[in-house]
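**Student:** My questions concern the predicted model and sequence given below.
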There are 2 protein chains.
Amino acid sequence: MSAAASLSIALVHYPVLDKNRDVVASAVTNLDIHDIARSARTYGVARYYIVTPVLEQQRLVEKIRLHWLEGWGASYNPKRKAALELLQTESSVDAAVSDIETRTGRKPKLVVTGAADRANSVSFAALKELLAQEPDQPFLVLLGTGWGLTEEIFNRSDYVLEPISGGSDYNHLSVRSAAAIMLDRLFGR
Amino acid sequence: MSAAASLSIALVHYPVLDKNRDVVASAVTNLDIHDIARSARTYGVARYYIVTPVLEQQRLVEKIRLHWLEGWGASYNPKRKAALELLQTESSVDAAVSDIETRTGRKPKLVVTGAADRANSVSFAALKELLAQEPDQPFLVLLGTGWGLTEEIFNRSDYVLEPISGGSDYNHLSVRSAAAIMLDRLFGR
C-alpha cells in the first residue's frame, strides 16, 4: 500500500469560524468538490469526505456525485468520474472517523492544517515520515472552510501540520490550492 | 530580486482546444481569477495575466478586479485586494509579452506547461535553475484552459515544463491546483 492510500481528507463545513470568529456551518461549493477530488485522485488518496450536518447540502453533494458517477457526466467525462468515486458525504468529523474505522479496522490519527507553533505541530517532512513509518495506520487530514477550523477541532487533533509558506509575508491560499500543495509535498515526486 | 519576481503567469483563454480539439476561446471563470491570484501573491510572482480577446470577458475581469481593488470588496477583504493587484487583462499572448517587455525592458522567455517528451522539455528543477541563473531575464508561464493550449503555442515556446506527476496513472488536476503546485515546486521552501 502506498503512503497516500492510508490517508483520507475531509473538507469540513461545520464546525468552522466565520469572519467574526463565530461558529457556523459554511456552504458547500461545487468547485471545492471537483478540484479537491481531482487532486486526491492524482495523488492516490483513500477517501475524500465532505463534512456537513446540513441535510440540504448533503443532498446537493450527492446530486453532483451521482451526476458524474451514473448520470450524463459519467460518459461525458470518465476522468471526472474516477475522481468523484473518492467522494463521500458525512454529517460530522466523528462520522468520517467512524467510516475510516469501519473500512480499516483502526481509528485514524487526526491531522489539522494551517497553524504553526502548537505543541503537536509537525512539518511536512515529519508527517511524511510518520506515514512511511506506520503504513497500516490510517490518517485523516481535516481542511477548514470559512475562516478556519474551531479551537475544539485543533484540540482533539493528533497533529497540526505546519502552514504552507511561499516565502512572502502573504499566505492566503484557497483551500483548493492548499490541499493540492499539501498532497504534492507529501506524495509528489 | 527574488526568482519569483522575474516570473509572470498568464491564464490563456484563447487560443485553446475544446473537447474535439477545435480551437476556441474558453470562458473566464471567477474562481480561476481568485485562486490563481492568491497563489501568485503567496509565492511573489510579478504579474498574473488573464488572456482573452473577447471584450465582454475582459470587462467581466475588470469588473471583478475593480470590485476588490476599489469597491466594497477592498475594505471587506484587504487580503483579496493584495492578491488581485497582480491581475491584468490582455487580449492575446503577444500583448502580455509586450507588457512584460515594457515593464522590464526584456522579452520574456515563454514556458508552457503540461506536456512531456518535447525537444525543449525541462524539469521543475531545471526551470528553477534557469530562473536562478538569469535573475534579470523575465519568464512568462502560459497556463491553458479548456482542453489545453494549441500546437502553435507549444511551438513558439522556449521551454515546455514537465507535467505534474502524483505517482498514480491519473493526472487531471484543475488548472488552479496545477498552478499552485507549480509555484510551490519552483518557489516554495
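**Tutor:** That came through, no problem. Remember, it's a predicted structure, so these values are computed and weren't measured experimentally. Numbering: from 1, shown residues only, chains lettered A, B, ... in the order given.
**Student:** thought residue A:110 was touching residue A:143?
**Tutor:** No: Residue A:110 sits out of contact with residue A:143 when judged by CB atoms under 8 Å, with a separation of 12.0 Å. Just so you know, the C-beta spots here come from the backbone N, C-alpha and C atoms, and that holds for glycine as well.
**Student:** So those two - more neighbours on which side?
**Tutor:** residue A:143 (24 against 20; other CB atoms under 10 Å in any protein chain shown).
**Student:** Remind me which helix or strand the more buried one belongs to.
**Tutor:** Under the criterion of DSSP states H and E, residue A:143 resides in strand A:139-144.
**Student:** Return the mean pLDDT over that strand, rounded to an integer.
**Tutor:** For strand A:139-144, mean pLDDT rounds to 97.
**Student:** ditto for stretch A:50-66
**Tutor:** Mean predicted confidence for stretch A:50-66 is 96.
**Student:** Distance of residue A:6 relative to residue A:100?
**Tutor:** 10 Å (CB to CB, to the nearest Å).
**Student:** shared neighbours, these two?
**Tutor:** Counting by CB atoms under 8 Å, 6 or more residues apart in numbering or on different chains, the shared contacts of residue A:6 and residue A:100 are residue A:138.
**Student:** Up against chain B, what does chain A have?
**Tutor:** A:2, A:4, A:31, A:34-35, A:38-39, A:41-44, A:79-80, A:82-83, A:164-168, A:170-174, A:176-181, A:183-185, A:187-189 (CB under 8 Å from any CB of the partner chain).
**Student:** all helices for chain A, in order.
**Tutor:** A:30-42, A:55-69, A:72-76, A:78-84, A:93-104, A:124-133, A:151-156, A:175-187 (DSSP state H).
**Student:** Now render those helices as a markdown table, adding mean neighbour count and distance to residue B:53.
**Tutor:** A markdown table is the format used below for the helices of chain A (neighbours: other CB atoms under 10 Å in any protein chain shown; distance: least, CB to CB, whole Å):
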| stretch | mean neighbour count | distance to residue B:53 |
| --- | --- | --- |
| helix A:30-42 | 23 | 25 |
| helix A:55-69 | 16 | 32 |
| helix A:72-76 | 12 | 27 |
| helix A:78-84 | 18 | 28 |
| helix A:93-104 | 16 | 46 |
| helix A:124-133 | 15 | 41 |
| helix A:151-156 | 13 | 47 |
| helix A:175-187 | 25 | 27 |
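**Student:** Lowest mean pLDDT across those, which one is that?
**Tutor:** Least confident of the helices of chain A, judged by mean pLDDT, is helix A:72-76 with a mean of 81.
**Student:** Give the other helices and strands that it contacts.
**Tutor:** Taking 3 or more CB pairs under 8 Å, 6 or more residues apart in numbering or on different chains; DSSP states H and E as contact, the helices and strands that helix A:72-76 lies on are helix A:78-84.
**Student:** contacting residues for the spatially closest residue to residue A:161 that is not a sequence neighbour?
**Tutor:** Residue nearest to residue A:161 in three dimensions, not counting chain neighbours: residue A:113, with 4.8 Å by CB to CB, 6 or more residues apart in numbering or on different chains. Contacts for residue A:113 were tallied using CB under 8 Å, 6+ apart; they are A:141-144, A:160-161, A:163, A:178, A:182.
**Student:** one more time with 10 Å
**Tutor:** Contact analysis of residue A:113 by CB atoms under 10 Å, 6 or more residues apart in numbering or on different chains lists A:9, A:141-144, A:148-149, A:157, A:159-164, A:175, A:178-179, A:182.
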